[in-house]
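> The following block contains a protein sequence and its predicted model.
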Amino acid sequence: CPTSALKEFEQRHPNFWTPADDDYPALLFEIADPPPLLFYRGRTELINAIQTMPSVGIVGTRSPSAYGQRWTCRITQQLVAHDVIVVSGLAAGIDRWTHQQTLDSDGMTIAVLGTGVDQTYPWSNRALQARVAEQGLLLSEHPNGTPPDRAHFPRRNRIIAGLSRAVVVTEAPERSGALITARLANEYGRDVFALPGSLDNPTSRGCLNLISQG
């Protein structure tokens with residue numbers, strides 16, 4: 001029966017919110033398709049904090065240049081110094097530098113995953129993910145045990161945009177998932193910022209296009 005199925009699901013996945021729960025982030029009600037389930041692991045008090053404190057998403061390429069790495073860290077340090085909650089997707093590249101610098105600066109960070117919160121992707125982020133689970137908060141719309149899937153990550157980006165009052169793209173090529181996040185953030189009425197880069201750097205062209213579009 002439906003009741004027994006729900007109880008079994010709750011036993012296997014005890015840590016999740018639905019839109020009916022008080023702890024479900026109100027910012028996600030401002031997007032067109034908020035996740036019906038939001039699984040979590042870590043410091044749940046960050047969800048309460050994000051209702052009243054500023055939150056900024058930082059996203060970008062998985063293959064950043066030294067310039068992109070350096071300025072992602074500098075921007076992150078300044079956000080942490082001003083008590084901003086930093087949101088990203090725990091991917092390789094810019095996301096990794098963002099979460100790592102936030103934690104190294106004793107800041108608050110939320111990572112939105114395209115897998116279950118008990119899964120790690122990429123595997124190279126396993127130590128960082130463990131740090132985020134301890135010092136920050138992991139979120140996903142997918143239940144425990146869900147492996148990575150190409151379709152999950154573009155949809156993950158809408159949650160990053162929804163939880164952020166502004167989104168910063170620090171380095172991105174012309175075709176990048178980070179630009180999906182920027183487009184969604186714009187549609188949600190969030191502020192969108194892009195770090196200018198060299199015309200000679202292919203990983204800056206997405207940012208330059210955002211700037212040229214105003």
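That came through, no problem. Just so we're clear, the structure is a prediction, and the values are computed from it rather than from any experiment.
> Can you give the distance from the longest helix along the chain to the centre of its chain?
As assigned by DSSP state H, the longest helix anywhere in the chain is helix 66-81. Offset of helix 66-81 from its chain centre (Cα atoms, centre = their mean, to the nearest Å): 16 Å.
> Same question for stretch 191-198.
On Cα atoms, centre = their mean, the centre of stretch 191-198 falls 18 Å from that of its chain.
> do the same with stretch 97-111
Centroid separation for stretch 97-111 versus its chain: 12 Å, with Cα atoms, centre = their mean.
> got a list of what Asp106 touches?
By Cβ atoms under 8 Å, 6 or more residues apart in numbering, the residues touching Asp106 are Val80. (Glycine included, C-beta is placed from N, CA and C.)
> Pick out the residue nearest the middle of the protein.
The residue lying closest to the centre of the chain (Cα atoms, centre = their mean) is Ser88, at 2.8 Å.
> List the contacts of it.
Neighbouring residues of Ser88 by Cβ under 8 Å, 6+ apart: Gly57, Ile58, Val59, Ile94, Asp95, Thr98, His99, Thr109, Ile110, Ala111, Val112, Ile160.
> switch the cut-off to 10 Å
The contact partners of Ser88, by Cβ atoms under 10 Å, 6 or more residues apart in numbering, come to 56-60, 72, 76, 94-99, 102, 109-112, 132, 160, 164, 167-168, 178, 181.
> Thanks again, I'm all set now.
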